[in-house]
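**Q** my questions are about this predicted structure, shown below with the sequence.
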2 protein chains.
Amino acid sequence: MLVLVGMGLYDELDLSLRGLQELKACDSVYVELYTSRMPGLSLSRLQELAGKEVRRLSRRELEEGAERLLEEAEHRRVALLVAGDPLISTTHSALRLEAEKRGIPVRVVHNASVYSAVPSAAGLHNYKFGRCATIPRASGAYMPETPYHVLRENLERGLHTMLLLDLTEGEEMSAAEGIEYLLELESRLGMGVFSPSTTAVVVAQVGAPECRITAGRAERLAELGEALGGTPHTLVVPGELHFMEEEWLRRFWVD
Amino acid sequence: MLVLVGMGLYDELDLSLRGLQELKACDSVYVELYTSRMPGLSLSRLQELAGKEVRRLSRRELEEGAERLLEEAEHRRVALLVAGDPLISTTHSALRLEAEKRGIPVRVVHNASVYSAVPSAAGLHNYKFGRCATIPRASGAYMPETPYHVLRENLERGLHTMLLLDLTEGEEMSAAEGIEYLLELESRLGMGVFSPSTTAVVVAQVGAPECRITAGRAERLAELGEALGGTPHTLVVPGELHFMEEEWLRRFWVD
């Protein structure tokens, strides 16, 4: 059996009671930490809780070497711990699909995900969010325009946009870098979607006790640097604001 | 202090270790169960876990009587337990805002929400979901068209749509009723958005051990009734499907 256990947002205490029960019942426990980072997570405290060794898998081991994991799951109870919700990343839904194909029973223990926590932490109404997008790390000529166009489509409809920031092998993009990325695309495409005076919200370390929310004009937010709080950051560009959303953002506004 | 604690999706075991810690540290604990239902939740098991009485608040007590809750939070440590993520519903974000205005420290313990769990449980890619909508209960002339238009806009962009189903004081709408609602709007508006042969996915009791996923043509799903699994149901109408999403839905397809 393969048990996919979500770990939530910040540290090992975000594990649910059900998730912990599953870990205790498993023969072996693996953890994957490259698709997203939990800023407060301690592998040793996690092992203490589980009462057994928790082996960390590299990207290669999971994507190419999933074979070993699945073979083990055919005759033993194997848990894979994943940050956030255990099926948000396509890597893990692919693993679930492959397991099911082989007739391996799969269990899923859901948990908090940035997809639901960031909108609510930012005080913005969930049903007013359009499609979200990820801002990748530009390198040379490589600078995908998708986040810009997703933002444009949402704003045309008055919808909010959540922009996840690239995480490549532990290298986290800051909200400031994300803002620079959008400003660069604006200067190339000039469709009037995102300017230095666009209102944006930065959520730093959502789910952490010291989770910080900052709202303001894009250029101002980009200047703030570490004052925004530690990474991971998520960037939100609001569409039309309900008065209650406005009131909430004013509490976090920087001039 | 006011501590807003998310309870997750199914029962008291979805509580996070952090959430449980907070309950134990609080002077009094309240629970709100009308904005969404947790099919497996037992108030008595919850009280055992918390080691103290957990008082259930009615809609009136929370919306009109929040005064009492806030006054108590001014001098004592008060927890409010909420299904799913504690800030998704505007009722609770309004409460947070009011508390902050009065200088009452607020803590939030996030948890799994249908907004992130349903897309992943349905095997559909989160970043391909457009805006979501709620299908309310029609009564006489009252039949809002919003869910139909949200669906139309998403489909025009090839995006998936999650449709939450009305929950009025414990009266849960089934996926079949949701499908009838959309078919009725189609016959009124005739914009070719939703037909008996439209592909849809029903997720029943997401997060439950017996969570059931069923995919098929809308009219077929509506016929299935209890075979879809117990409520709460969530309805998903996919847009353009990635081959991996298609493969996943085929596993749950009914003819």
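**A** All right, it came through fine. What you see is a predicted model, and the numbers here were worked out from it, not measured in a lab.
**Q** hmm, residue A:92 is touching residue A:84, no?
**A** No: Residue A:92 is not in contact with residue A:84 according to Cβ atoms under 8 Å; the separation is 10.1 Å. The C-beta positions use only the backbone N, C-alpha and C, and glycine is treated the same way.
**Q** more neighbours: the two, which one.
**A** Using other Cβ atoms under 10 Å in any protein chain shown, the more surrounded residue of residue A:92 and residue A:84 is residue A:84, with 27 against 21.
**Q** phi and psi next, for residue A:57.
**A** phi -100, psi 140 (degrees, to the nearest 10).
**Q** where does it land on pLDDT?
**A** Residue A:57 carries a pLDDT value of 90.
**Q** what residue ranges in the stretch 101-250 of chain A score low on pLDDT?
**A** The model of the stretch 101-250 of chain A has pLDDT under 70 over residues A:169-170.
**Q** what about the strands in it?
**A** A:106-109, A:133-135, A:161-165, A:167-168, A:171-172, A:199-204, A:212-217, A:233-237 (DSSP state E, counting those that start in this stretch).
**Q** now those in TSV, with mean neighbour count?
**A** As requested, these are exported to TSV (neighbours: other Cβ atoms under 10 Å in any protein chain shown):
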stretch	mean neighbour count
strand A:106-109	22
strand A:133-135	20
strand A:161-165	23
strand A:167-168	14
strand A:171-172	13
strand A:199-204	25
strand A:212-217	20
strand A:233-237	25
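**Q** can I get those in a markdown table including distance to chain B?
**A** What follows is the strands of the stretch 101-250 of chain A, written out as a markdown table (distance: least, Cβ to the nearest Cβ, whole Å):
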| stretch | distance to chain B |
| --- | --- |
| strand A:106-109 | 7 |
| strand A:133-135 | 7 |
| strand A:161-165 | 8 |
| strand A:167-168 | 14 |
| strand A:171-172 | 18 |
| strand A:199-204 | 12 |
| strand A:212-217 | 11 |
| strand A:233-237 | 13 |
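**Q** mind checking which of those is nearest residue B:52?
**A** Closest to residue B:52 of the strands of the stretch 101-250 of chain A is strand A:106-109 (Cβ to Cβ; 26.1 Å).
**Q** tally of neighbours for the closest residue to residue A:89 other than its chain neighbours?
**A** Setting aside the residues directly before and after it, residue A:89 is nearest to residue A:35 in space (Cβ to Cβ, 6 or more residues apart in numbering or on different chains), at 4.5 Å. Residues lying near residue A:35 (other Cβ under 10 Å) number 16.
**Q** can I get the helix or strand hosting residue A:79 in CSV, CA atoms only?
**A** Element membership for residue A:79, per DSSP states H and E: strand A:78-82. Only the C-alpha atoms of strand A:78-82 are listed here, as CSV (Å, rounded to 0.1, in the frame of the first residue of the first chain):
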residue,chain,number,x,y,z
VAL,A,78,4.9,2.7,2.4
ALA,A,79,4.2,6.3,3.2
LEU,A,80,5.4,9.3,1.2
LEU,A,81,5.4,12.6,3.0
VAL,A,82,4.9,15.7,0.8
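**Q** contacting residues around residue A:205?
**A** A:10, A:39, A:211-212, A:229-232 (Cβ atoms under 8 Å, 6 or more residues apart in numbering or on different chains).
**Q** actually residue A:150, sorry about that
**A** A:130-133, A:161.
**Q** and if you look at residue A:162?
**A** A:114-115, A:118-119, A:129, A:132, A:234-236.
**Q** need the max-distance pair from the residues you listed.
**A** By the measure Cβ to Cβ, A:115 and A:235 form the most distant pair in the contacts of residue A:162, at 14.0 Å.
**Q** up against chain B, what does the stretch 151-255 of chain A have?
**A** Counting by Cβ under 8 Å from any Cβ of the partner chain, the residues of the stretch 151-255 of chain A lying close to chain B are A:153, A:157, A:159, A:206-207, A:209, A:211, A:244, A:247-248, A:251.
**Q** swap in 10 Å and give it another go.
**A** A:153-154, A:157, A:159-160, A:162, A:164, A:206-207, A:209, A:211, A:242, A:244-245, A:247-248, A:251 (Cβ under 10 Å from any Cβ of the partner chain).
**Q** one step back: name the residues contacting each of residue A:115 and residue A:235.
**A** Listed as contacting both residue A:115 and residue A:235 by Cβ atoms under 10 Å, 6 or more residues apart in numbering or on different chains are A:162, A:164.
**Q** hmm, back to that, between residue A:92 and residue A:84, which contacts overlap?
**A** Residues within reach of residue A:92 and of residue A:84 at once, by Cβ under 10 Å, 6+ apart, are A:6, A:35, B:120.
**Q** burial count for the last one?
**A** Residue B:120 is surrounded by 28 other residues when neighbours are defined as other Cβ under 10 Å.
**Q** excluding its backbone neighbours, what's nearest it?
**A** Closest residue in space to residue B:120, ignoring its immediate chain neighbours: residue A:87 at 3.4 Å, by Cβ to Cβ, 6+ apart.
**Q** quick check, that neighbour in contact with residue B:117.
**A** Yes: counting by Cβ atoms under 10 Å, residue B:117 is a contact partner of residue A:87 at 8.3 Å.
**Q** who has more neighbours, the two?
**A** Shown here are residue A:87 and residue B:117; by other Cβ under 10 Å, residue B:117 has more neighbours (31 against 27).
**Q** now do the same contact list for the residue lying closest to the more buried one once chain neighbours are set aside.
**A** Closest residue to residue B:117 apart from its sequence neighbours, by Cβ to Cβ, 6+ apart: residue A:110 at 4.4 Å. Taking Cβ under 10 Å, 6+ apart as the criterion, residue A:110 is in contact with A:4-6, A:8, A:16, A:18-19, A:84-88, B:8-10, B:14, B:111-114, B:116-118, B:120-121, B:206-207, B:211.
**Q** buried among these? Need that as a selection in ChimeraX.
**A** Only the buried entries of the contacts of residue A:110 go into this ChimeraX selection, using 16 or more other Cβ atoms under 10 Å in any protein chain shown:
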select /A:4,5,6,8,16,18,19,84,85,86,87,88 /B:8,9,10,14,111,112,113,114,116,117,118,120,121,206,207,211
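**Q** residue farthest from the centroid of chain A?
**A** residue A:75 (32.3 Å; Cα atoms, centre = their mean).
**Q** in terms of pLDDT, where does that one sit?
**A** If you check residue A:75, the pLDDT there is 96.
**Q** I figured it hits residue A:102, correct?
**A** No: Residue A:75 lies out of contact with residue A:102 (Cβ under 10 Å); the separation is 11.7 Å.
**Q** where do the helices sit along the stretch 101-250 of chain A?
**A** Per DSSP state H, counting those that start in this stretch, the stretch 101-250 of chain A carries helices over the ranges A:114-121, A:146-156, A:175-189, A:218-224, A:243-250.
**Q** any idea which of the ones you listed is most buried?
**A** helix A:114-121 (a mean of 27; mean count of other Cβ atoms under 10 Å in any protein chain shown).
**Q** picking up where we left off before, now the shared contacts of residue A:92 and residue A:84 in TSV, with distance to residue A:63?
**A** Shown next, in TSV, are those (distance: Cβ to Cβ, whole Å):
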residue	distance to residue A:63
A:6	19
A:35	10
B:120	18
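**Q** residues touching whichever residue of the stretch 101-250 of chain A sits closest to chain B, list them.
**A** Nearest residue of the stretch 101-250 of chain A to chain B (Cβ to the nearest Cβ) works out as residue A:120 at 3.4 Å. Residue A:120 makes contact with A:112, A:126, A:203, A:206, B:4, B:6, B:84-89, B:92-93, B:96, B:108, B:110, B:113, B:115 under the criterion Cβ under 10 Å, 6+ apart.
**Q** could you chop chain A up by domain?
**A** Split into domains by automatic domain parsing, chain A comes to A:2-109, A:114-250.
**Q** what's the end-to-end length of the first one?
**A** The one in question is domain A:2-109. Using Cα to Cα, to the nearest Å, the end-to-end distance of domain A:2-109 comes to 11 Å.
**Q** chain center to it, what's the gap?
**A** 16 Å (Cα atoms, centre = their mean, to the nearest Å).
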